[in-house]
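Asks: Below is the sequence, then the predicted model.
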Amino acid sequence: MSIIGWTQIFFFSLVLVALTKPLGLYMMRVFENESTWLDPLFMPSEKLCYRLMGVDPTEDMHWTKYAGCMLAISCLSLLFSYLILRVQGSLPLNPMHFSTPAAPAYATAMTADLAFNTAVSFTTNTNWQAYAGETTMSYLSQMLALSFHNWLSASVGLAVAIALVRGFARRSAKGIGNFWQDIVRSLLFVLFPIATICALLLISEGVLQNFSPYVVATTVEGVKQIIPMGPIASQEVIKMLGTNGGGFLNANCAHPFENPTPLTNFIEMLLIFLIPSGLTYTFGKLVKDTRQGWAILFTMFFFFLAAVLIGYHFECQGNPNFAKFNVETSTAILGDLGGNFEGKEVRFGQANSALFTAITTDASCGAVNSTFDSLTPLAGLVPLLNIQLGEIIFGGVGSGLYGMLVFAVLTVFIAGLMVGRTPEYLGKKIDKKEVKMAMLFILTSAVTILVFTGLASVIPFPDKSYWNPQGAAINNVNNAAAHGLTEILYCFSSCTGNNGSAFAGITVNAPFYNLTCGLAMLIGRFMMIIPALAMAGSLVQKKYVPPGSGTFPTHGPIFVVLLSSVILIVGALTYFPVLTLGPIVEHMLMEQGRLF
């Protein structure tokens with residue numbers, strides 16, 4: 001650990017907090033239909049969108065209709081992407097002829113199960129990839145079938161978060177807003193301006209943006225090397241801003257074509273947290289008490305900083321077994337290039353690698369600039385823990401806020417039981433329906449992760465069968481025992497949490513994993529959104545109850561501590577026994593010199 005590393009972490013945190021209020025205030029104006037400085041530019045396009053869709057943006061929807069619209073557009077867009085992926089060989093912008101008889105030998109076939117998994121992945125804002133983008137996807141598929149969802153799924157998450165906030169902010173109303181207006185304004189007034197500016201910044205720093213065929217170069221050893229090309233910058237910026245995470249290239253943000261410099265690394269990290277952080281202030285403004293938003297932000301920051309501290313510390317400690325071979329790895333001598341440097345990029349160092357790891361798994365993004373499978377055991381526990389807490393530590397665009405608000409509802413319910421009073425949150429009484437929806441939200445994730453992990457760990461399939469074409473054990477892991485279990489657990493945690501990052505070391509392009517991971521992603525997305533919208537529909541109809549002398553305050557440090565405790569307790573009761581088994585056993589073996 002170094003002063004330079006801590007300075008970088010502190011500077012990132014400072015910039016993020018400084019941008020939270022102005023962006024949050026701007027988004028409040030966007031979703032309240034107040035005037036913004038971008039109105040002259042985007043209002044004509046907004047009106048045109050409503051006319052083309054044939055919708056009335058002034059309609060105030062009941063939560064069931066709001067949810068129905070969300071499910072309808074998600075299902076149609078999923079089918080749209082699946083069809084494009086299946087016929088990409090017959091479509092234009094395919095200079096490498098993927099999915100055609102002329103495809104290069106290194107190309108991966110887009111089978112039915114892989115197309116299903118990929119279409120589900122991008123529809124659900126997961127961007128889990130069981131393939132390498134540069135050897136599988138045409139430029140048209142990257143842009144139309146995949147990046148299209150980076151915009152749409154992010155706007156859906158924003159819309160759901162705002163709908164839940166309206167449930168708390170409105171008094172004795174019937175509707176929670178208009179779904180079509182929410183996603184259109186999310187796209188035009190929030191995502192598009194930020195993405196355009198930042199895409200130009202990335203291009204100026206060297207991120208590729210072209211439609212050229214791949215380049216064949218001859219290395220100094222005389223070997224032919226294929227260098228991928230493509231419209232990367234435009235895809236990169238929305239995958240980070242929308243907390244999608246899927247890489248145009250298989251190495252993701254560790255690849256110099258996606259993330260060439262420390263400046264692009266900083267911009268991409270900032271983009272991941274930008275909207276989730278700003279939404280906390282938007283929440284405070286909409287409920288007419290900005291202290292509520294700051295309390296949520298401080299809770300998120302507590303978990304974020306803890307994750308960075310733990311990950312950075314154990315990565316800088318490195319592997320003690322290297323000392324036996326007189327290999328110097330101490331950060332006291334090597335600085336930020338010391339410690340466990342396997343699987344990391346020299347241009348980023350330990351601090352930016354640990355920071356990126358915490359950010360991408362705190363925010364359900366899934367983009368990576370280092371290899372998680374190479375992390376030391378307890379540092380590898382950090383991304384797994386971040387995901388299994390529910391992707392609420394900033395979380396995805398929108399999904400982080402509505403996930404944290406679900407935990408806030410559960411917290412005030414528990415606090416009410418402790419003091420013997422009817423629980424209230426933001427002037428709304430919390431009844432059994434809200435608690436049931438909160439528990440459905442929380443338990444759905446836990447059950448899905450643990451059931452699918454158990455199935456993948458124990459079900460045998462014959463070699464070379466349809467379900468197991470690789471001819472290996474169905475778990476398809478490269479590591480046995482504790483680490484192999486962690487790889488499987490991380491796979492289904494990432495899919496259910498709609499994160500998309502992978503622990504690597506596991507072959508997932510097999511029908512069993514493509515189908516089960518696809519189901520996990522669908523459950524993790526829609527079985528979380530629907531309870532959140534049902535809660536919003538119940539809360540919006542309730543009368544406002546002014547706070548009294550016995551009202552539990554939900555804006556101070558006591559609430560932050562209680563909310564954090566509830567999150568940890570829920571995690572301990574659902575995941576931690578299985579979660580900690582692999583990393584802790586690995587750590588003990590490494591310290592004993594039995595794991596190198």
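Replies: Here it is on my side, so go on.

Asks: give me the number of residues near the residue lying closest to T36 once chain neighbours are set aside?
Replies: Counting by C-beta to C-beta, 6 or more residues apart in numbering, R29 is the residue found nearest to T36 once chain neighbours are left out, at 5.2 Å. C-beta: built from backbone N, CA, C; applies to glycine. By other C-beta atoms under 10 Å, the residues close to R29 number 17.

Asks: cool, I558 as well?
Replies: 13.

Asks: would you put the C-alpha positions of stretch 36-48 in PDB?
Replies: Taking Å, rounded to 0.1, in the frame of the first residue of the first chain, the C-alpha atoms of stretch 36-48 are listed here in PDB:
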ATOM      1  CA  THR A  36     -33.500  22.100 -18.200                       C
ATOM      2  CA  TRP A  37     -30.800  23.700 -20.300                       C
ATOM      3  CA  LEU A  38     -31.000  20.800 -22.800                       C
ATOM      4  CA  ASP A  39     -34.700  21.400 -23.500                       C
ATOM      5  CA  PRO A  40     -34.200  23.300 -26.800                       C
ATOM      6  CA  LEU A  41     -32.000  20.500 -28.100                       C
ATOM      7  CA  PHE A  42     -34.000  17.400 -27.000                       C
ATOM      8  CA  MET A  43     -37.600  18.500 -26.600                       C
ATOM      9  CA  PRO A  44     -38.400  18.100 -30.400                       C
ATOM     10  CA  SER A  45     -36.900  14.600 -30.300                       C
ATOM     11  CA  GLU A  46     -38.900  13.700 -27.200                       C
ATOM     12  CA  LYS A  47     -42.200  14.700 -28.800                       C
ATOM     13  CA  LEU A  48     -41.300  12.800 -31.900                       C
END
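
Asks: what is the rounded mean pLDDT of it?
Replies: When pLDDT is averaged along stretch 36-48, the result is 92.

Asks: Likewise for stretch 401-411?
Replies: Here stretch 401-411 scores 92 as its mean pLDDT.

Asks: Enumerate the positions of it that are buried.
Replies: With burial defined by 16 or more other C-beta atoms under 10 Å, the residues of stretch 401-411 counted as buried are L401, Y402, G403, M404, L405, V406, F407, A408, V409, L410, T411.

Asks: and the residues you listed, which of them are in helices?
Replies: L401, Y402, G403, M404, L405, V406, F407, A408, V409, L410, T411 (DSSP state H).

Asks: who's in contact with the first one?
Replies: If a contact means C-beta atoms under 8 Å, 6 or more residues apart in numbering, then L401 has A161, L164, V165, P276, L279, T280, F283, I296, G395 as its contacts.

Asks: 10 Å - rerun?
Replies: 157-158, 160-162, 164-165, 275-280, 282-283, 293, 296, 300, 392, 394-395, 532 (C-beta atoms under 10 Å, 6 or more residues apart in numbering).

Asks: Where does pLDDT dip in this protein?
Replies: Applying pLDDT under 70 to the chain picks out residues 332, 335, 460-481, 575-596.

Asks: 50 instead?
Replies: Residues of the chain meeting the criterion pLDDT under 50: 472-473, 596.

Asks: For it, which segments count as strands?
Replies: Secondary structure of the chain, counting by DSSP state E: strands at 215-218, 224-227, 424-425, 428-429.

Asks: could I get the ones you listed as a markdown table with distance to T554 and mean neighbour count?
Replies: Shown next, in a markdown table, are these (distance: least, C-beta to C-beta, whole Å; neighbours: other C-beta atoms under 10 Å):
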| stretch | distance to T554 | mean neighbour count |
| --- | --- | --- |
| strand 215-218 | 57 | 10 |
| strand 224-227 | 54 | 10 |
| strand 424-425 | 6 | 22 |
| strand 428-429 | 11 | 20 |
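
Asks: closest one to I567 among those strands?
Replies: The closest of these to I567 is strand 424-425. By C-beta to C-beta, the value is 15.7 Å.

Asks: I'd like to know which elements the closest one is packed against.
Replies: helix 399-419 (3 or more C-beta pairs under 10 Å, 6 or more residues apart in numbering; DSSP states H and E).

Asks: Now the helix it packs on - C-alpha only, PDB.
Replies: Extracted as PDB, the C-alpha positions of helix 399-419 are listed here (Å, rounded to 0.1, in the frame of the first residue of the first chain):
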ATOM      1  CA  SER A 399     -31.300  -0.900  -9.500                       C
ATOM      2  CA  GLY A 400     -28.900   0.200  -6.700                       C
ATOM      3  CA  LEU A 401     -31.200   2.800  -5.400                       C
ATOM      4  CA  TYR A 402     -34.400   0.800  -5.400                       C
ATOM      5  CA  GLY A 403     -32.500  -2.100  -3.900                       C
ATOM      6  CA  MET A 404     -31.200   0.100  -1.100                       C
ATOM      7  CA  LEU A 405     -34.700   1.500  -0.500                       C
ATOM      8  CA  VAL A 406     -36.000  -2.000  -0.100                       C
ATOM      9  CA  PHE A 407     -33.400  -2.600   2.600                       C
ATOM     10  CA  ALA A 408     -34.400   0.800   4.200                       C
ATOM     11  CA  VAL A 409     -38.000  -0.400   4.400                       C
ATOM     12  CA  LEU A 410     -36.900  -3.600   6.100                       C
ATOM     13  CA  THR A 411     -34.700  -1.600   8.400                       C
ATOM     14  CA  VAL A 412     -37.500   0.700   9.600                       C
ATOM     15  CA  PHE A 413     -39.800  -2.400  10.100                       C
ATOM     16  CA  ILE A 414     -37.200  -4.000  12.300                       C
ATOM     17  CA  ALA A 415     -36.700  -0.700  14.200                       C
ATOM     18  CA  GLY A 416     -40.500  -0.400  14.700                       C
ATOM     19  CA  LEU A 417     -40.500  -3.900  16.200                       C
ATOM     20  CA  MET A 418     -37.700  -3.000  18.500                       C
ATOM     21  CA  VAL A 419     -39.500   0.100  20.000                       C
END
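
Asks: how distant is that helix from the center of its chain?
Replies: Remark: helix 399-419 is offset 22 Å from the chain centroid, using C-alpha atoms, centre = their mean, to the nearest Å.

Asks: With stretch 511-524 instead?
Replies: For stretch 511-524, the distance to the chain centre is 17 Å (C-alpha atoms, centre = their mean).

Asks: now stretch 441-455
Replies: So, by C-alpha atoms, centre = their mean, the centroid of stretch 441-455 is 18 Å from its chain's centroid.

Asks: circling back: tabulate the ones in helices among the buried residues of stretch 401-411 (CSV), appending distance to L146.
Replies: As requested, these are exported to CSV (distance: C-beta to C-beta, whole Å):
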residue, distance to L146
L401, 25
Y402, 25
G403, 25
M404, 28
L405, 30
V406, 29
F407, 31
A408, 34
V409, 35
L410, 35
T411, 37
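
Asks: Can you give me the end-to-end span of stretch 227-234?
Replies: Terminal residues of stretch 227-234 are spaced 19 Å apart (C-alpha to C-alpha, to the nearest Å).

Asks: Leaving out sequence neighbours, find the closest residue to L515.
Replies: Distances taken as C-beta to C-beta, 6+ apart put D113 closest to L515, at 6.0 Å, once the chain neighbours are dropped.

Asks: residues touching the one you found, list them.
Replies: Applying C-beta under 10 Å, 6+ apart, we find D113 in contact with A130, Y466, W467, N509, A510, P511, F512, Y513, N514, L515, G518.

Asks: Out of the residues you listed, grab the one that's most surrounded.
Replies: Y513 (29 neighbours).

Asks: What separation is there between it and L443?
Replies: As judged by C-beta to C-beta, to the nearest Å, Y513 and L443 stand 24 Å apart.
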